[in-house]
Structure formats: C-alpha cells, structure tokens
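Enquirer: Quick one: sequence and predicted model below, then my questions.
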Amino acid sequence: RDARKEDIKRAYMAAAKAFHPDRVAALGFGELRPIAEAVFAALAEAHATLMDDEKRAACDAAPTAAEKAHVESTVELALDAERQFHVGQGLLRQHHYARAEQHLERAFKASGDCEHELLWAWARFQNPAHDRTAMRVELLQVLTKVARERPQLALTHVYAGEVFLAEGDADKAFKAYQRALQLDPEDVDARRGLRLAETRKPKAAKPFWKR
C-alpha cells in the first residue's frame, strides 16, 4: 500500500515482460497462451488502477462480500472455459465434431478468446450436420478475424491450408502450411499438410526439346 508509483511501474514492467503471451508461446508453451493473456490483462488493469490516485484509494478499501464473490465467479468462469476448451480440443482430434462443437462453444462464450472461437468454427465446419457451404463462409470469416487479432497463431494457417487443399488449390494450401511452419516449426499437422500439398501441386511442363 505504501509503494511509490516508480516502484509500481518498475514491478509492472518486469511482470508484463515475464507473462507476455508472445514470450510464453515463444518458450514453447503455446497451450498456455490463453492463461497468459488473462494474466497479462489483469496486470495491465492492476497497473492502471494503482497509477490512478482515486482508483488506488478505492482499491485500498476493504473489498465487500459482493466484490469477493464477483472475483471468485470470474476466476471460476475462466477456469471452466479452459476446461471446456481442452475437452473440445481432444474431441476434435478424435473427430467427434458434434461433441467438440458443444464444448468449444461453451469455452468461447465464457472466455471470448479468439483461439476458442477458431476451434469452435472448425468443429462446426467439420460437423456433417451443418450445411458445408454456409460453414465454409463462416469459417473463412473467423480465419480472417483471428489472423488479424493473433497473427502469430500457426493454427489459423493450418486450417486455411486444410480448406484450400480440400478444394483442390494445392498452391494456396502449400503457402498456408509454409506460413504455419514459419510461426511454429514443430507443428506436425502443418508438416503433414505441406508434404501433401507438394504432391498435389501441378507439375511444370518440360520444354519441348526435353520431351
């Protein structure tokens, strides 16, 4: 409570650097990115509050029971969103698209996280119960949105590659998988897709003197 603003700023910069989502992902913990983003956002909010004299004074006052309950509810909601996301992610890998869709919908609606939205859109696209054409339009919209909001997410480009490959556009698929591997060289799906796209790319015709 007695910390000076200079100390608060110094502590915030150190914590923000340690918990920056891009740094967490770069260290190989991509699956923890949503949690890192939540921590990073909380740090930014705390810093803004403590640097504002009026807000800081209000923060120093003892929290009410209602405020404590709100915090606990928010934390529980965030944890449940992550649980739903991981369950949905596992169901996607097993090709249980309808069930995956249900869990990923809950995850996204609880968190608002664009990666959760991306997997939810992919589950809907793969679910045979939906109209494929309509789901393709929706998926491409989500892919565009996520690529803009989180440009370092390799999965966006993997899914784009899958769509292009299914539609017979091996050149676009190849470029999408290449971009995914630039962002995440260890992405197994991107490597598999790149090899497949390479085999489906049209071969250049030989010059007539070599035929």
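Expert: Cool, the structure landed.
Enquirer: contacts, neighbours, all on C-alpha from now
Expert: OK.
Enquirer: which one is the residue most central in space within the chain nearest to, not counting chain neighbours?
Expert: Centroid check for the chain by C-alpha atoms, centre = their mean gives E115 as the closest residue, at 2.7 Å. Spatial nearest neighbour of E115, chain neighbours left out: V146 (7.2 Å); criterion: C-alpha to C-alpha, 6 or more residues apart in numbering.
Enquirer: OK, contacts around the one you found?
Expert: 114-115, 118, 156 (C-alpha atoms under 8 Å, 6 or more residues apart in numbering).
Enquirer: Check which element follows whichever strand or helix holds it along the chain.
Expert: Counting by DSSP states H and E, the element that carries V146 is helix 132-149. Using DSSP H and E, the helix or strand that follows helix 132-149 in sequence is helix 154-166.
Enquirer: Tell me the helix or strand right after that following helix.
Expert: Assignment by DSSP H and E places the next element after helix 154-166 at helix 170-183.
Enquirer: what number of residues lie near G28?
Expert: Residue neighbour count, defined by other C-alpha atoms under 10 Å, stands at 12 for G28.
Enquirer: hang on, I meant Q178
Expert: 21.
Enquirer: Please tell me how far it sits from R83.
Expert: 31 Å (C-alpha to C-alpha, to the nearest Å).
Enquirer: got it, and D171?
Expert: 37 Å.
Enquirer: F108 contacts E117, doesn't it?
Expert: Yes: between F108 and E117 a contact is recorded at 5.5 Å, counting by C-alpha atoms under 8 Å.
Enquirer: Give the residue from these two that has the larger number of neighbours.
Expert: Between F108 and E117, counted using other C-alpha under 10 Å, the more crowded position is E117 (24 against 21).
Enquirer: Checking the more buried one next. Helix, strand or coil?
Expert: State at E117, reduced to three classes by DSSP: H, G, I helix; E, B strand; the rest coil: helix.
Enquirer: where exactly do the helices run in the chain?
Expert: Here the chain has its helices, by DSSP state H, at 5-18, 21-26, 33-51, 53-60, 65-93, 97-111, 114-126, 132-149, 154-166, 170-183, 188-200.
Enquirer: Show the contacting residues for the residue nearest to R179 when sequence neighbours are not counted.
Expert: Nearest in space to R179, with sequence neighbours left out and distances taken as C-alpha to C-alpha, 6+ apart, is H157 at 6.6 Å. H157 makes contact with 176-177, 179-180, according to C-alpha under 8 Å, 6+ apart.
Enquirer: got these as a markdown table, with neighbour count and pLDDT columns?
Expert: As requested, the contacts of H157 are exported to a markdown table (neighbours: other C-alpha atoms under 10 Å; pLDDT from 0 to 100):
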| residue | neighbour count | pLDDT |
| --- | --- | --- |
| A176 | 27 | 95 |
| Y177 | 29 | 96 |
| R179 | 19 | 96 |
| A180 | 27 | 96 |
